[in-house]
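Participant: return atomic coordinates for the entry below.
(one chain, ligands or ions: 2)
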Amino acid sequence: MKQAPFIAVEGPIGAGKTTLASMLSTELHLPIIKEIVEENPFLDKFYQNIDEWSFQLEMFFLCNRYKQLEDTGLQYIEKAQPVISDYHIYKNLIFAERTLKGVKLEKYRQIYHLLTDDMPKPDIIIYIKADLDTLLGRIRKRARSFEQEMDPAYLEQLIIDYDKGIQFLAEQSPSPRILTVNGNEIDFVENQAQFKQIVSDVKELI
Ligand SMILES: Nc1ncnc2c1ncn2[C@@H]1O[C@H](COP(=O)(O)OP(=O)(O)O)[C@@H](O)[C@H]1O
Ligand SMILES: Nc1nc2c(ncn2[C@H]2C[C@H](O)[C@@H](COP(=O)(O)O)O2)c(=O)[nH]1
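Facilitator: Ligands and ions are numbered 1, 2, ... in the order given. Have a look, this model is predicted:
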């Protein structure tokens, strides 16, 4: 290992981030940072009325992830210890740019940059790309009640937003190493050989 990696697994809702990050954490003996979902008091309300609840929801995610990133910095990055996370902090902005408008979006952007610009960023991103049908199938399989009525148009837009967001991250300096996984065709859950191939690809990046 050249230096202790900070790995983030990213991709739109239902792509398999938490699943793959957990599998890699076990396989590579890496501590894992997982985002807080079930305890989020606004998600249910958000899916019922996005315009009404988006600011509270985005701020809740941002504050939680800020705290997790702060802890990750202290516990792992500053001690040069490797770590894997099932999200990149930049996902906050990907979502907020889609769900917020006007003054609220402008205020959110300022707070986002204030909180995160000087925080440690992942140097490896595993980006799981998947199309709408695959994501809808996985969201059904996961069966979280509040996600079942999600508007497919929202998810379709997020797929595009994610592509742009990851492209933006790729152009940053220093640029993260990015491994793109085809989530439609590669079944790392059921197919051991395909999972081992991802492990081998990740090891090459470390
Ligand atoms: N490559 C895959 N093949 C089959 N099922 C998958 C795959 N990736 C994830 N799943 C399943 O899809 C659902 C969503 O996965 P999850 O890891 O929660 O996605 P995310 O964290 O990206 O939202 C889970 O039920 C998981 O078991
Ligand atoms: N509006 C936002 N929604 C978010 C954000 N982060 C996660 N989410 C939603 C999407 C899913 O319903 C659920 C879990 O996310 P996964 O990507 O792990 O499936 O929470 C966000 O920043 N803004």
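Participant: next up, phi/psi of the residue nearest to the spatial centre of the chain, please.
Facilitator: Here the mean C-alpha position of the chain is nearest to the C-alpha of Y87 (Cα atoms, centre = their mean), at a distance of 2.8 Å. With angles defined as degrees, to the nearest 10, Y87 shows backbone torsions of phi -160, psi 160.
Participant: ok, it - contacts?
Facilitator: Contact analysis of Y87 by Cβ atoms under 8 Å, 6 or more residues apart in numbering lists 8-10, 17, 35, 65. Every C-beta, even on glycine, is put in place using the N, C-alpha and C of the backbone.
Participant: can you give me the distance of it to ligand 1?
Facilitator: 8 Å (Cβ to the nearest ligand atom, to the nearest Å).
Participant: next one: I36
Facilitator: Distance, I36 to ligand 1, using Cβ to the nearest ligand atom: 12 Å.
Participant: just confirm that residue contacts N64, I think it does.
Facilitator: Yes - taking contact to mean Cβ atoms under 8 Å, the distance of 5.1 Å between I36 and N64 places them in contact.
Participant: looking at the two, which is more packed in?
Facilitator: Residue environment comparison for I36 versus N64 gives the larger neighbour count to N64, 16 against 12, counting by other Cβ atoms under 10 Å.
Participant: mind saving the C-alpha coords of whichever strand or helix holds that one as PDB?
Facilitator: Per DSSP states H and E: N64 is located in helix 50-72. Coordinates of the C-alpha atoms in helix 50-72 are reproduced here as PDB (Å, rounded to 0.1, in the frame of the first residue of the first chain):
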ATOM      1  CA  ILE A  50     -40.400  17.100  -1.600                       C
ATOM      2  CA  ASP A  51     -40.800  20.900  -1.800                       C
ATOM      3  CA  GLU A  52     -42.100  21.200   1.700                       C
ATOM      4  CA  TRP A  53     -39.400  19.000   3.400                       C
ATOM      5  CA  SER A  54     -36.300  19.200   1.200                       C
ATOM      6  CA  PHE A  55     -34.400  21.900   3.200                       C
ATOM      7  CA  GLN A  56     -34.800  20.100   6.600                       C
ATOM      8  CA  LEU A  57     -33.800  16.800   5.000                       C
ATOM      9  CA  GLU A  58     -30.800  18.100   3.200                       C
ATOM     10  CA  MET A  59     -29.600  19.900   6.300                       C
ATOM     11  CA  PHE A  60     -30.100  16.800   8.400                       C
ATOM     12  CA  PHE A  61     -28.000  14.700   6.000                       C
ATOM     13  CA  LEU A  62     -25.300  17.400   5.800                       C
ATOM     14  CA  CYS A  63     -25.000  17.800   9.600                       C
ATOM     15  CA  ASN A  64     -24.800  14.000  10.100                       C
ATOM     16  CA  ARG A  65     -22.300  13.500   7.400                       C
ATOM     17  CA  TYR A  66     -20.200  16.500   8.600                       C
ATOM     18  CA  LYS A  67     -20.000  14.900  12.000                       C
ATOM     19  CA  GLN A  68     -19.100  11.500  10.500                       C
ATOM     20  CA  LEU A  69     -16.400  13.000   8.300                       C
ATOM     21  CA  GLU A  70     -15.000  14.900  11.300                       C
ATOM     22  CA  ASP A  71     -14.800  11.600  13.200                       C
ATOM     23  CA  THR A  72     -13.400   9.800  10.200                       C
END
